[in-house]
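1. sequence plus predicted model, see below.
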Amino acid sequence: MTPTYQFRVEGHLDDHWSAWLGDLTITRHHDGTSTLTGPVADQAQLHGVLARLRDIGATLLSLNALEASHTRATES
């Protein structure tokens, strides 16, 4: 089972970044932040997403590995 990660960054990211960041789902919040959520296969892919967020100048506010039960609840 592939773990799901949630990255929270400052600012609102446009949808076109989703594919470049590994097809993560982007959700924009009223507080001026964005959350990127999706499966990350391994540590190499995780570091790749973090490097790409750095490359676009995004400020990482938090990174969470979601529990399997939480992931299933949000997919329903």
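-> All right, it came through fine. Just so we're clear, the structure is a prediction, and the values are computed from it rather than from any experiment.
2. buried set for the host helix or strand of residue 62?
-> Per DSSP states H and E, residue 62 falls inside strand 60-66. Going by neighbour count (16 or more other C-beta atoms under 10 Å), the buried part of strand 60-66 is residue 66. Quick note: C-beta positions are derived from backbone N, CA and C, even for glycine.
3. and if you look at stretch 26-33?
-> 26, 33.
4. for stretch 11-25, same thing?
-> So for stretch 11-25, counting by 16+ other C-beta under 10 Å, buried means 13, 17, 21, 22, 24.
5. please identify which pair of these lies farthest apart.
-> 13 and 22 (13.1 Å; C-beta to C-beta).
6. give me the pLDDT for residue 53.
-> Residue 53 carries a pLDDT value of 97.
7. hmm, residue 22 and it touching each other?
-> No. With contacts counted by C-beta atoms under 8 Å, residue 53 stays clear of residue 22, the gap being 10.7 Å.
8. the helices in the protein, which residues?
-> Under the criterion DSSP state H, the chain contains helices at 17-20, 43-55, 68-75.
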